[in-house]
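Visitor: below is the sequence, then the predicted model.
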2 protein chains.
Amino acid sequence: MLTEFNKTEFDYSYKRRISDLTQEFGSLQREIKALDIPVIIMIEGWEASGKGYIISNLVREVDHNHTVVCEFIEEDHSYRKMPFLWRYWTQTPAKGDIYIYDRSPYYNVMEDYSLSEEKINQYIKHIRTFEDQLADSGVLIFKFFLEISHEHQKENVNRYIDKGKEVLVSQRDLDQIENHGKYRVHFSKILNFPSRISWQIIPAEKRRKAAREILTRLVDQLSQAINDFKYTGQINQSRIPELEDGRKIIEGLDMSKSISKEEYSRRMAKARKELSSLSYEFFLRKGTAVVVFEGVDAAGKGGAIKSLVRELDPRLYRVNPTSAPNQIEKAHHYLWRFWKKLPRRGKMAIFDRSWYGRVLVERLENFADKDEWERSYDEINEFEKVLTDSGILVLKYFINIDKDEQLSRFHARIQVPDKNYKLTSEDWRNRKKWDEYRLAYDDMLTRTSSSYVPWLVVEGNDKGYSRLKIIEDFIEKSKQYLQRRENE
Amino acid sequence: MLTEFNKTEFDYSYKRRISDLTQEFGSLQREIKALDIPVIIMIEGWEASGKGYIISNLVREVDHNHTVVCEFIEEDHSYRKMPFLWRYWTQTPAKGDIYIYDRSPYYNVMEDYSLSEEKINQYIKHIRTFEDQLADSGVLIFKFFLEISHEHQKENVNRYIDKGKEVLVSQRDLDQIENHGKYRVHFSKILNFPSRISWQIIPAEKRRKAAREILTRLVDQLSQAINDFKYTGQINQSRIPELEDGRKIIEGLDMSKSISKEEYSRRMAKARKELSSLSYEFFLRKGTAVVVFEGVDAAGKGGAIKSLVRELDPRLYRVNPTSAPNQIEKAHHYLWRFWKKLPRRGKMAIFDRSWYGRVLVERLENFADKDEWERSYDEINEFEKVLTDSGILVLKYFINIDKDEQLSRFHARIQVPDKNYKLTSEDWRNRKKWDEYRLAYDDMLTRTSSSYVPWLVVEGNDKGYSRLKIIEDFIEKSKQYLQRRENE
């Protein structure tokens, strides 16, 4: 019985033929492509509930070049070295593509009924972040759950065995049959969590009926969404965040801070030793870190990165420069390209500029709408929360310099042939927007200094001072982080 | 003693300081970036010979945004589900980037001294293909091998243990120490294989001396290469292949071939059943396939793919459309983007157009130089050989239609709203080059119908006939392939 599930009743007053429905779905897929709408269809359900059959019917008449089936149950476990959402984020559709998920991010919670309440809540929260962020960016998401009874599940599995296809029966199948009751309570809990995109529970004991039902719903709901899109130009109502006013953080900095040569040499020598042993500790404890550098042009991000990595094992870290997104990246959610560059367990990813471009250059150059970049503060906080919850150390450094200091550094770059390449016309263009950038920096520092990942604002007029401040902070935070891991 | 290795003697008449050399290397890296030259530096050697130390010195003064260290010894084995060259191909540098390999593709041969002569030869052949293809496309490759004595290796490993850093000592270290003699013979064999890029054997018992030596050589050889490049506009002398004349294959086709509705229905029904059970067999035997479709516009590639996948489990295959390469893809070897899309073990990748674009559209539109596309026939044959040697079934279908037939299909597309999207101005433009394309097709079919992956040329005026011919061929070849796997 399905009493625990929030099932909707079907209207069987008229039935459409599956072959007609697959045709209709095919036409809608082409319209989706023409309108550049990205779509995710999740097919979840009990083991042996017929997900494969449903998916076969969905792809019957589609353009395979823009419809992709993603299977998330493979035996390969390399993804376990990454935050669990990584393999979903990296397989999100570009504009105009339909991605059909065999399983879904919920699989990670569903597969283990013994998870603690706290762990379940954390998973669900992260998955809702995933769904919300994609939906806000205009991805159309459908969630289906195939429901079968205990009896029926046993029958399906036995049928495989009778046919001599034991190889298709997995440990998961047997486990669900043995503990059907426990799984049922567990699933029910998960499916009833409130979320923006609700689950559509589909009785799947009769496969053809289930396929017809899902196709009917998809055809109707897709048509509706396409109509809405044509009238309103959008797929979903996006979140409208309440934004805290940006405090004037940069204005309050004491930009005269500096350090004597002697003190710099003394403290840097000590720091270098510590960095070198930290490198070993990171390796030992499989520490994973994401380090972000932001700052105005010529603030010294590159130099700071160089002095930071100097004593680290070059196999430990990778530096990721961030420039304008390419065509394919533009067709995805703006966080997608950063998800792809996350470090695997035991590695460190350093970002020379980062996802904060969303609220800096994209804001100032109008590459993102006001609604979009305003929403991004929340999205970025959520993203960094997901990372820290996954056991990653996230550090953020913002280096500030004076307008005069920038000018003299620009001039210095012109004169030194080896640094010439660093100066581009864009630098001069950005300089003209100095005040606007300052406003955007203040907003960023105010709205994304979370308790779990605060910004370190660095006074950068004196290069020695700023490098040392960053490195000493890095050492301190890393030690705390590695200590926490040791205790866990 | 190094008697077995083909060692070059050093000239120590003048010594440069490491700090100066790292500076010089840093400047050269920036020049490399400015000149858009891609570079690979492989650091191979005995276990515990100090590869990490060397690499740390190499990256001391570089721009980390364009210098990437790739470690290939990780414990993660997900790459084993792919052809062994996959993880190297997917980590080749874009133009202007330097990739430093900790280890190299040779690692797969080196790590096992008990490999048969035949297996070693196959590995080496594939690695040389990798090196040749990259070098031909203008990648600058350096290969260093760090040589230490048995005694010294033992000392290094013991030093770790004495320091309480046993965790840094791997099973590989101990194995090499135990079987040093066997490894020495094995390495010597591998290092002495003739190849276009020779190994530079570096005595590494003194780490600083080894670092200085490698830096000196890199600085000198890079400067030389940059000079050559400035004068000649190229990095390497590329292969100039001897090309067989294209036979007139298309002219000889009987384009009137067709099939009656009754026979089509009968044979297709049978084929569908077989496809469906093949899907299961592929899953069972972890069969891996790459299926290529080429043909003039409107030849029916899409329809053929659709009817082929209709009975396959949608989780088994993925269809990859091939359009013009994007900016990042253009900065890499033309095969790079296809390497990235290879199927993992147990999966099937279908290509709607493919790497053959190199000798078709890129040839006709002058996107590739004559030298480049003429070389590609060999490169493609080598590529497909690597795939088949890795246990992948590769199938290639070329569908031909008459010029009149194409026109009437174009007109039909205009009239059917649902097919309208398929017709673009490019189709009409290509049609004007009908005769040139025919020549290019004949050349392609002649030069890349290898014994291991022959083309199946399909007469496509009658859609039923062509689809059936492809599907029946697919079934036959798949059965043979799965049979071979079963016997192995």
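Guide: That came in fine, so what should we check first?
Visitor: so for the helix or strand where A:Y465 lies, what gets flagged as buried?
Guide: Per DSSP states H and E: A:Y465 is located in helix A:463-487. Within helix A:463-487, the residues scored as buried using 16 or more other C-beta atoms under 10 Å in any protein chain shown are A:463-471, A:474-475, A:477-478, A:481-482, A:485. All C-beta atoms are positioned from the backbone trio N, CA, C, and that covers glycine.
Visitor: show me which pair in these is furthest apart.
Guide: Spanning the widest gap among the buried residues of helix A:463-487 are A:K463 and A:R485, at 32.4 Å by C-beta to C-beta.
Visitor: A:E472 is in contact with A:S307, correct?
Guide: No - taking C-beta atoms under 8 Å as the definition, A:S307 is not a contact partner of A:E472, at 11.5 Å.
Visitor: show me the strands in the stretch 151-300 of chain A, by range?
Guide: A:199-203, A:289-295 (DSSP state E, counting those that start in this stretch).
Visitor: quick one: which of those strands is nearest B:A298?
Guide: Closest among those, once you apply C-beta to C-beta, is strand A:199-203, at 39.0 Å.
Visitor: and that closest one, what does it pack onto?
Guide: Judged by 3 or more C-beta pairs under 8 Å, 6 or more residues apart in numbering or on different chains; DSSP states H and E, strand A:199-203 is in contact with strand A:140-147, helix A:207-232.
Visitor: can you redo these as a markdown table with mean neighbour count?
Guide: Shown next, in a markdown table, are these (neighbours: other C-beta atoms under 10 Å in any protein chain shown):
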| stretch | mean neighbour count |
| --- | --- |
| strand A:140-147 | 22 |
| helix A:207-232 | 17 |
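Visitor: which one of these lies closest to A:I41?
Guide: strand A:140-147 (4.7 Å).
Visitor: give me the contacts around that closest one.
Guide: Outside strand A:140-147, the residues that touch it by C-beta atoms under 8 Å, 6 or more residues apart in numbering or on different chains are A:2, A:5, A:7, A:37-46, A:49-51, A:54, A:104, A:131, A:134-135, A:187, A:191, A:197-204, A:210, A:214, A:217-218, A:221-222, A:225, A:235-236.
Visitor: got the angle for it vs strand A:199-203?
Guide: 40 degrees (axes from the mean of the first three to the mean of the last three C-alpha atoms, to 10 degrees).
Visitor: the inter-axis angle of strand A:140-147 versus helix A:207-232?
Guide: 160 degrees.
Visitor: distance from strand A:140-147 to the middle of the chain?
Guide: Going by C-alpha atoms, centre = their mean, to the nearest Å, the spacing between the C-alpha centre of strand A:140-147 and its chain's C-alpha centre is 20 Å.
Visitor: and what of stretch A:47-60?
Guide: 27 Å.
Visitor: how far away is the residue nearest to A:E459 when sequence neighbours are not counted from A:G303?
Guide: Leaving out its chain neighbours, the residue that sits closest to A:E459 by C-beta to C-beta, 6 or more residues apart in numbering or on different chains is A:K257, at 4.5 Å. According to C-beta to C-beta, to the nearest Å, A:K257 and A:G303 sit 17 Å apart.
Visitor: equivalent analysis for A:Q221, please.
Guide: 54 Å.
Visitor: can you tell me which residues contact A:E71?
Guide: Counting by C-beta under 8 Å, 6+ apart, A:E71 touches A:102-103, B:315.
Visitor: show me where the stretch 51-200 of chain A has its helices.
Guide: A:51-58, A:86-89, A:107-110, A:117-136, A:150-162, A:171-178, A:180-191 (DSSP state H, counting those that start in this stretch).
Visitor: among the ones you listed, which is nearest A:L253?
Guide: Between A:L253 and the helices of the stretch 51-200 of chain A, the tightest spacing by C-beta to C-beta is seen for helix A:117-136, at 32.2 Å.
Visitor: mind listing what's buried in the closest one?
Guide: A:120, A:122-124, A:126-136.
Visitor: tell me which parts of the stretch 101-250 of chain A are close to chain B?
Guide: Contact residues, the stretch 101-250 of chain A versus chain B (C-beta under 8 Å from any C-beta of the partner chain): A:102, A:165, A:167.
Visitor: ok, and the most crowded of these?
Guide: Neighbour tally across these (other C-beta atoms under 10 Å in any protein chain shown): the maximum, 21 neighbours, falls on A:D102.
Visitor: quick check: closest non-adjacent residue to it.
Guide: A:E71 (4.5 Å).
Visitor: pull up the residues of the stretch 251-400 of chain A that are close to chain B.
Guide: A:280, A:284, A:302, A:305-306, A:309-310, A:313-315, A:318-321, A:326-328, A:344, A:350, A:352.
Visitor: from the residues you listed, which would you call buried?
Guide: Applying 16+ other C-beta under 10 Å to those flags A:302, A:305-306, A:309-310, A:313-315, A:318-320, A:344, A:350, A:352 as buried.
Visitor: mind putting those residues in a markdown table, secondary structure and pLDDT included?
Guide: What follows is these, written out as a markdown table (DSSP: H, G, I helix; E, B strand; the rest coil; pLDDT from 0 to 100):
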| residue | secondary structure | pLDDT |
| --- | --- | --- |
| A:G302 | helix | 93 |
| A:I305 | helix | 96 |
| A:K306 | helix | 93 |
| A:V309 | helix | 94 |
| A:R310 | coil | 91 |
| A:D313 | coil | 92 |
| A:P314 | coil | 92 |
| A:R315 | coil | 90 |
| A:R318 | strand | 94 |
| A:V319 | strand | 95 |
| A:N320 | strand | 95 |
| A:R344 | coil | 89 |
| A:I350 | strand | 97 |
| A:D352 | strand | 96 |
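Visitor: ranges for the helices of the stretch 301-450 of chain A?
Guide: Going by DSSP H, counting those that start in this stretch, the stretch 301-450 of chain A shows helices at A:301-309, A:327-330, A:336-339, A:361-364, A:370-389, A:403-415, A:425-432, A:434-447.
Visitor: need those helices in JSON lines with distance to B:D443, can you?
Guide: Shown next, in JSON lines, are the helices of the stretch 301-450 of chain A (distance: least, C-beta to C-beta, whole Å):
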{"stretch": "helix A:301-309", "distance to B:D443": "49"}
{"stretch": "helix A:327-330", "distance to B:D443": "31"}
{"stretch": "helix A:336-339", "distance to B:D443": "39"}
{"stretch": "helix A:361-364", "distance to B:D443": "47"}
{"stretch": "helix A:370-389", "distance to B:D443": "50"}
{"stretch": "helix A:403-415", "distance to B:D443": "51"}
{"stretch": "helix A:425-432", "distance to B:D443": "45"}
{"stretch": "helix A:434-447", "distance to B:D443": "56"}
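Visitor: ok so, going back, max pairwise distance over the buried ones among the residues of the stretch 251-400 of chain A next to chain B: which two?
Guide: Longest span within these, C-beta to C-beta: A:G302 and A:R344, 24.8 Å.
Visitor: mean neighbour count, the strands of the stretch 151-300 of chain A: which tops it?
Guide: Greatest average neighbour count among the strands of the stretch 151-300 of chain A goes to strand A:289-295 (a mean of 24), per mean count of other C-beta atoms under 10 Å in any protein chain shown.
Visitor: including mean pLDDT, could the helices and strands packed on strand A:199-203 go into a markdown table?
Guide: Listed next are those as a markdown table, based on pLDDT from 0 to 100:
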| stretch | mean pLDDT |
| --- | --- |
| strand A:140-147 | 97 |
| helix A:207-232 | 94 |
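Visitor: I'd like those as CSV, with distance to B:T288 appended.
Guide: Output for these, formatted as CSV (distance: least, C-beta to C-beta, whole Å):
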stretch, distance to B:T288
strand A:140-147, 29
helix A:207-232, 29
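Visitor: ok, which of the ones you listed comes nearest B:V292?
Guide: For the helices and strands packed on strand A:199-203, the distance to B:V292 is smallest for helix A:207-232, at 31.5 Å, taking C-beta to C-beta.
Visitor: sketch out the low-pLDDT regions of the stretch 51-200 of chain A for me.
Guide: Where the stretch 51-200 of chain A drops to pLDDT under 70, the residues are A:74-79.
Visitor: try 80
Guide: Filtered on pLDDT under 80, the stretch 51-200 of chain A yields the residue ranges A:73-81.
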